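[1] coordinates only, sequence not included:
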């Protein structure tokens, strides 16, 4: 499922493979303050999700270790500027040649969009889209209070056209780009402004109509909580944006005494590492969450005190669980705090640091990697769940959770 035409996500697979995807299905990466503590700069840990998730092999693990030389990137940008050429293009060429799979270069506007994404906001109309079984694109979720809800658009409505252009046969990612206003400039991250309009051709049963919506600045719903029929609680974390970690902790504190927690991290492709650590702290009482290195210097991330260490927890993961979400999964699995259910996670465990360029653009370069508390390196390998299932994963996870009993 693709989330609300949310912010553009970085090009971890190089600019030519850039995807405009959403929070519930894709990556959230950008640089924001305090992504990892005690660093000399700002670090991010997130990845880019492709339509078909590449999740295998030692060859990829080796490739993921490549890092671009920040001095070479800065030098190329400065020389290009001196010659009247594009600093960003020169920097991107160096990053591309380096093999840094997660390195990327953003222009100033893109970078601002990414920062807003991690602050938990986006410009859009407040709807999620997915491809139905019959191949049509339909609305899968409508954000409360957003332009789409106010216009009466409902879950299940078919999206037939955007601004008069039929969308049948288009990838959902392109539909999202058009909703956001990126359709003509998604490659360069051009995004429509707040107040701009988009006309949706819709169908509900036999009724067809066109609805013109005005884009607004909306808050993302990174954490949603649902009470399950068996009195357990499902906490879905779509992305680790600002404040999401504390929302997870609050959800755990508010859960009924002894109730189990199903922590759904499917499709969560990362975000702010500090938020991920806070989320892990909801289930831990201090102790190690992960270790990481930055330019060869070893550091550690620790959970805060006072988490709930009694109630049963099942973490639900898939191939779209990436980066900071894998950090949480690895910590809970290694420390025996959660049973993991689903399919193998993506395997992205590198951290990036931004390098400002003279034209205002920013190069985000890989500077290190993290490991789980037990020392597992996830790059190119991912996390194998305790119970690997490819179908009816949520149902199986709920069965496992019920079998764990209740917390004391």
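    Cool, the structure landed. Everything quoted here is computed from the prediction, not taken from an experiment.
[2] What helix or strand is residue 79 located in?
    helix 70-82 (DSSP states H and E).
[3] For the helix or strand following that helix, give the mean pLDDT please.
    Following helix 70-82 in sequence order, the next helix or strand is helix 87-98 (DSSP H and E). Average pLDDT, helix 87-98: 92.
[4] Show me where this protein has its helices.
    58-63, 70-82, 87-98, 108-118, 147-150, 172-180, 244-254, 273-281, 324-334, 393-403 (DSSP state H).
[5] which stretch among the ones you listed comes nearest residue 138?
    With CB to CB as the criterion, residue 138 lies closest to helix 172-180 of the helices of the chain, at 10.2 Å. Every residue, glycine included, has its C-beta placed from N, CA and C.
[6] So what angle separates the directions of the closest one and helix 108-118?
    100 degrees (axes from the mean of the first three to the mean of the last three CA atoms, to 10 degrees).
[7] how far does helix 172-180 sit from the chain's center?
    The chain centre lies 17 Å from the centre of helix 172-180; the measure is CA atoms, centre = their mean, to the nearest Å.
[8] Can you report the mean pLDDT over the residues of that helix?
    Mean per-residue pLDDT for helix 172-180: 81.
[9] From the contact counts, what lies against it?
    strand 121-124, strand 127-131, strand 158-162 (3 or more CB pairs under 8 Å, 6 or more residues apart in numbering; DSSP states H and E).
[10] Just the buried positions in it, please.
    172-180 (16 or more other CB atoms under 10 Å).
[11] Also stretch 386-393?
    Buried residues in stretch 386-393 (16+ other CB under 10 Å): 389, 393.
[12] Kindly report the same for stretch 257-266.
    Neighbour-count burial for stretch 257-266 flags 259-266 (criterion: 16+ other CB under 10 Å).
[13] repeat for stretch 302-309
    Going by neighbour count (16+ other CB under 10 Å), the buried part of stretch 302-309 is 303-304, 307-308.
[14] got the end-to-end distance for that stretch?
    Terminal residues of stretch 302-309 lie 15 Å apart, using CA to CA, to the nearest Å.
[15] Format the helices of the chain as JSON lines; extra columns: distance to residue 292.
    Below are the helices of the chain laid out as JSON lines (distance: least, CB to CB, whole Å):
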{"stretch": "helix 58-63", "distance to residue 292": "17"}
{"stretch": "helix 70-82", "distance to residue 292": "18"}
{"stretch": "helix 87-98", "distance to residue 292": "20"}
{"stretch": "helix 108-118", "distance to residue 292": "19"}
{"stretch": "helix 147-150", "distance to residue 292": "40"}
{"stretch": "helix 172-180", "distance to residue 292": "30"}
{"stretch": "helix 244-254", "distance to residue 292": "17"}
{"stretch": "helix 273-281", "distance to residue 292": "8"}
{"stretch": "helix 324-334", "distance to residue 292": "9"}
{"stretch": "helix 393-403", "distance to residue 292": "29"}
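[16] Least reliable of those helices by average pLDDT, please.
    Of all these, helix 58-63 carries the lowest average pLDDT, namely a mean of 46.
[17] hang on, the earlier thing: so which of the buried residues of stretch 302-309 are in strands?
    Counting by DSSP state E, no part of the buried residues of stretch 302-309 is found in strands.
[18] circling back to that earlier point, of the helices of the chain, which is nearest residue 376?
    helix 324-334 (6.5 Å).
[19] Against which helices or strands is that closest one packed?
    strand 45-46, strand 270-271, helix 273-281, strand 288-294, strand 313-317, strand 339-342.
[20] for this structure, which spans come out with low pLDDT?
    Applying pLDDT under 70 to the chain flags residues 1-66, 182-191, 406-408.
[21] and the longest strand out of those in it, what other elements does it pack with?
    Ranked by number of residues, the top strand in the chain under DSSP E is strand 362-371. Other helices and strands packing on strand 362-371, by 3+ CB pairs under 8 Å, 6+ apart, are helix 70-82, helix 87-98, strand 104-106, strand 288-294, strand 350-356.
[22] what pairs with the shortest one, and is each one parallel or antiparallel?
    This points to strand 104-106. Taking DSSP bridges as the criterion, strand 104-106 pairs within the sheet with strand 362-371 (antiparallel).
[23] what's the angle between the strand it pairs with and helix 324-334?
    Using the same axes, to 10 degrees: strand 362-371 against helix 324-334 is 10 degrees.
[24] between strand 362-371 and helix 273-281, how big is the angle?
    30 degrees.
[25] quick one: which of the helices of the chain is nearest residue 204?
    Ranking these by proximity to residue 204 (CB to CB) places helix 147-150 first, at 13.3 Å.
[26] Give me the buried positions along that closest one.
    147-148.
[27] hmm, who's touching it?
    Contacts to helix 147-150, defined as CB atoms under 8 Å, 6 or more residues apart in numbering, come from residues 125-127, 139, 142-143, 213-216.
[28] if you set the cut-off to 7 Å instead, what comes out?
    Contacts with helix 147-150, where a contact means CB atoms under 7 Å, 6 or more residues apart in numbering, come from 125-127, 142-143, 213-214, 216.
[29] Pipe the buried residues of stretch 302-309 into JSON lines and attach distance to residue 395 per row.
    Output for the buried residues of stretch 302-309, formatted as JSON lines (distance: CB to CB, whole Å):
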{"residue": "303", "distance to residue 395": "30"}
{"residue": "304", "distance to residue 395": "33"}
{"residue": "307", "distance to residue 395": "27"}
{"residue": "308", "distance to residue 395": "25"}
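[30] hang on, the earlier thing: could the helices and strands packed on helix 172-180 be laid out in a markdown table, adding mean neighbour count?
    As requested, these are exported to a markdown table (neighbours: other CB atoms under 10 Å):
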| stretch | mean neighbour count |
| --- | --- |
| strand 121-124 | 24 |
| strand 127-131 | 22 |
| strand 158-162 | 19 |
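[31] Which one, of those, ends up nearest to residue 318?
    Closest among these, using CB to CB: strand 127-131, at 15.2 Å.
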